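Chemist: Just need the structure, nothing else, for what follows:
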Amino acid sequence: MAILEGTVWATLAPWQLAALALAFLWSGFVRSGLGFGGAALTLPLLLLVIDDPLVFLPAIGCQLLVFSLLTVATRLENVDWRYLRTLTLALALPVAAGLVGLLNLSPTLLSALVYTVTLVYGLMYLLDRGIVSNSRVSDVMLIALGGYVSGVSLTGAPLIVAVGARRLPPPRLRDTLFVVWIVLVLAKLGTFVAAGVDLQWRLFALTLPFVALGHVLGLRLHTRLVAGGARGFRRLVGAGLTAVSSVGLLAVL
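Modeler: Here you go, the predicted model:
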């Protein structure tokens, strides 16, 4: 394809391009279905194709911004604006520290961090063990770790969700957190622009239809999960994440 000429994508085999398309479809599916995880549950798959998070994070961030805005635009009444302000302020410092790490850590170390964090998520899903916060101390720890990991790689959402779940009812949780992701992505994209990082507009444009299809399918999933069908789905996701993250981590090491 002419649009790929002169880019890193022009060197990929057809099966690798197909794998990227499926991974981005998956990102839209889980993001709208669960309300989080578009990056955390997808980035390990993408890194098996190109082992550099900075190649994918700008496009993932732009897509998250587009579909989060579309999802929450007609559901603003579900957003808890008071808690949103509190959570955003609490995340500011750890996210800023993560952004500094993102621009200074090596691609290999960033990939190892992504695989390690996602492996933990995968094992917990597989064993049907949720990340739970039950005190102010655990809130602070999860916010600090989740904010840093989000700043580095956008994969800290499950940690932040655990804090929000203690304070918000399920109908308000997803839409409030969508606004949080919008704020975090704007901060990350602004950092990328200031640092001169390639925003990968071609990748964003080419994969947008796949993310859109996943987004529509994920909205249907969300209805089922709210009705109580989450356990089997999360175990299946956990098994896949554990396998992919283990392979990726071994390759990096």
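Chemist: who's in contact with the helix or strand bottoming out on mean pLDDT in the chain?
Modeler: When each helix and strand of the chain is scored by mean pLDDT, DSSP states H and E, helix 230-252 comes last, with a mean of 75. Identification of contacts with helix 230-252 by C-beta atoms under 8 Å, 6 or more residues apart in numbering yields 30, 41, 44-45, 47-48, 51, 108, 111-112, 115-116, 118-119, 121-128, 221, 225. All C-beta atoms are positioned from the backbone trio N, CA, C, and that covers glycine.
Chemist: can I get the CA coordinates of it in CSV?
Modeler: This file holds the C-alpha atoms of helix 230-252, laid out as CSV (Å, rounded to 0.1, in the frame of the first residue of the first chain):
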residue,chain,number,x,y,z
ALA,A,230,-18.2,-11.3,33.2
ARG,A,231,-16.6,-14.3,35.0
GLY,A,232,-16.1,-16.6,32.0
PHE,A,233,-15.0,-13.8,29.7
ARG,A,234,-12.4,-12.6,32.1
ARG,A,235,-11.0,-16.1,32.7
LEU,A,236,-10.7,-16.5,28.9
VAL,A,237,-8.9,-13.1,28.6
GLY,A,238,-6.7,-14.1,31.5
ALA,A,239,-5.5,-17.3,29.8
GLY,A,240,-4.7,-15.4,26.6
LEU,A,241,-2.9,-12.6,28.4
THR,A,242,-0.9,-15.0,30.5
ALA,A,243,0.3,-16.9,27.4
VAL,A,244,1.1,-13.9,25.3
SER,A,245,2.9,-12.0,28.1
SER,A,246,4.9,-15.1,29.1
VAL,A,247,6.1,-15.5,25.5
GLY,A,248,6.9,-11.8,25.2
LEU,A,249,8.7,-11.6,28.5
LEU,A,250,10.9,-14.6,27.7
ALA,A,251,11.7,-13.1,24.3
VAL,A,252,12.7,-9.7,25.9
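Chemist: Quickly find the element holding residue 183.
Modeler: Residue 183 belongs to helix 170-195 when assigned by DSSP states H and E.
Chemist: could you give the angle of whichever helix or strand comes after that helix to helix 170-195?
Modeler: Counting by DSSP H and E, the next helix or strand C-terminal to helix 170-195 is helix 201-226. For helix 201-226 against helix 170-195, the angle by axes from the mean of the first three to the mean of the last three C-alpha atoms, to 10 degrees is 170 degrees.
Chemist: From the contact counts, what lies against helix 201-226?
Modeler: helix 14-34, helix 53-73, helix 170-195 (3 or more C-beta pairs under 8 Å, 6 or more residues apart in numbering; DSSP states H and E).
Chemist: what about the last one, distance to the chain center?
Modeler: To tie it back to what came earlier, the one meant is helix 170-195. With C-alpha atoms, centre = their mean, to the nearest Å as the basis, helix 170-195 stands 10 Å off its chain's centre.
Chemist: now the first one
Modeler: Between the centre of helix 14-34 and the centre of its host chain there is 12 Å, according to C-alpha atoms, centre = their mean.
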